[in-house]
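>>> Sharing a model prediction with you, sequence too.
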Amino acid sequence: MPFLLVYILATPGFATLLLTNGTALSRFLRQVFTNGFVVVFLVNYLGFVSASVALKQYQHRPIVYLVLDGPLRSVAFIGVHIAVYVMSADLFGSFNGSRATALSVVGPTLERSFMFGNISGVYLYALAPGTFIALLVVLTEPSGEASKPTMFRTMSMALLFSLTPIPLVTFLSYALDLAT
């Protein structure tokens, strides 16, 4: 994950901490594998499955997939975080073993993700490449051939819409924070 490397290197003293403190490294790796990998994998899997469905059902109307993909991924991103946080409270004693505390920190934590305010930002931005690929597949003509202007427009739309989960997760997380 290139975003993970950027996060480690951009956070002052974090790389040194991970290299010199075995406990910090093991907890960090546990967090990456039990939260980050799970979230990114499941949300992208959901996106790829929905892209497959879109290709079969909306062949001539990719706009349906384009409009629904960002909100679907955003809700899934938050939902999987909620599930992982609650399970972490139960399995690892995170959040002092309190499910209520785990639920109460999801909103504030994910609110700061778009600015890499925490490691959840790594996971949020890690969705973009998978989202881009799925959108590109759905938007490309079945023949796979396109003129350069059409391909540029397709790639531009795919890039733009692949970033929509970032502000959507931020907005939904803010609403979740207000609700809890």
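Sure thing, it's come through. What you see is a predicted model, and the numbers here were worked out from it, not measured in a lab.
>>> Pass me the low-pLDDT residue ranges in this protein, would you?
Along the chain, segments meeting pLDDT under 70 span 1, 58-60, 141-149.
>>> Nearest the geometric middle of it, what residue?
In the chain, the centroid-proximal residue (CA atoms, centre = their mean) is Leu124; its distance is 3.4 Å.
>>> That residue: which element?
Leu124 is part of helix 120-139, with elements assigned from DSSP states H and E.
>>> Next: Ala76.
Assigned by DSSP H and E, Ala76 falls in helix 62-92.
>>> How far off centre is that helix?
How far helix 62-92 lies from its chain's middle: 8 Å, per CA atoms, centre = their mean, to the nearest Å.
>>> again with stretch 89-107
Using CA atoms, centre = their mean, the offset of stretch 89-107 from its chain centre is 20 Å.
>>> so Phe28 sits right up against Ala15, yeah?
No. Contact status for Phe28 versus Ala15: not in contact, 10.8 Å apart, counting by CB atoms under 8 Å. Where you see a C-beta, it was placed from the backbone N, CA and C, and this is true even at glycine.
>>> which one of these two has more residues nearby?
Comparing Phe28 with Ala15 by other CB atoms under 10 Å, the one with more neighbours is Phe28, at 17 against 13.
>>> what's the distance between that one and Gly22?
Counting by CB to CB, to the nearest Å, the gap from Phe28 to Gly22 is 11 Å.
>>> and the angle from the helix holding Leu124 to helix 62-92?
150 degrees (axes from the mean of the first three to the mean of the last three CA atoms, to 10 degrees).
>>> Any chance you could list what contacts the helix or strand following helix 120-139?
Scanning forward in sequence from helix 120-139 by DSSP H and E, the next helix or strand is helix 148-162. Here helix 148-162 makes contact (CB atoms under 8 Å, 6 or more residues apart in numbering) with 66, 69-70, 128-129, 131-132, 135-136, 139-140, 146.
>>> what's the helix or strand for the closest residue to Leu17 other than its chain neighbours?
Using CB to CB, 6 or more residues apart in numbering and skipping the chain neighbours, the partner closest in space to Leu17 is Ala24 (5.2 Å). If you go by DSSP H and E, Ala24 is part of helix 22-31.
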